[in-house]
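J.: Sequence and predicted structure, then a few things I'm wondering about:
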Amino acid sequence: MTDDPQLDTDGDGPRGEVELTVVVMRFAASDPERLQAVLAKYVVMSRGHRGCRNIDLLVSAVDPRRHVVVQKWEDPAAQQAHFDSPEMVEMARACTGLLTAPPDIDLLEGISAHDLA
């Protein structure tokens, strides 16, 4: 324990800094409107999963056919459990025929992540 206001109450690290598992999924749409509906449903349904810190859906301001889903998870186990979830499987199936290529999925570790909560 420390009196330093820049450290968490546990003394684990800087206040507000958190360990996160981040997933970025990039989609190239052949049918942008239908893909956006599929991804929007997926995001809303998935935000309540155990360990989910946040999931955002974004669309490129330059190319409206490019969509990105950014997920933040408390730990790798929560992220993996989500990838095996019915919501993830349903979203993957619903993307059939809506993409010009398979989605690009990247798993990231937070180097500098801040929790505003």
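T.: Looks like it came in fine.
J.: Who are the packing partners of the lowest-mean-pLDDT helix or strand in the chain?
T.: When each helix and strand of the chain is scored by mean pLDDT, DSSP states H and E, strand 104-109 comes last, with a mean of 92. Helices and strands touching strand 104-109, by 3 or more C-beta pairs under 8 Å, 6 or more residues apart in numbering; DSSP states H and E, are strand 21-28. Yep, even glycine has a C-beta here, placed from its N, CA and C like the rest.
J.: on contacts alone, who are the packing partners of the strand it packs on?
T.: Checking 3+ C-beta pairs under 8 Å, 6+ apart, strand 21-28 ends up next to strand 66-73, helix 76-83, strand 104-109.
J.: now it against strand 66-73, angle please.
T.: For strand 21-28 against strand 66-73, the angle by axes from the mean of the first three to the mean of the last three C-alpha atoms, to 10 degrees is 170 degrees.
J.: what number of residues lie near residue 89?
T.: 11 (other C-beta atoms under 10 Å).
J.: How about the strand or helix carrying it, which residues are buried there?
T.: Per DSSP states H and E: residue 89 is located in helix 86-94. Using 16 or more other C-beta atoms under 10 Å as the test for burial, helix 86-94 gives 87-88, 91, 94.
J.: Distance to residue 48 and pLDDT for these - can I get that in TSV?
T.: Listed next are these as TSV, based on distance: C-beta to C-beta, whole Å; pLDDT from 0 to 100:
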residue	distance to residue 48	pLDDT
87	10	96
88	14	96
91	15	97
94	19	98
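J.: Relative to residue 77, which of these is nearest.
T.: Set against residue 77, the nearest of the buried residues of helix 86-94 by C-beta to C-beta is residue 88 (15.0 Å).
J.: What residues does the closest one make contact with?
T.: Residue 88 makes contact with 42, 46, 82, according to C-beta atoms under 8 Å, 6 or more residues apart in numbering.
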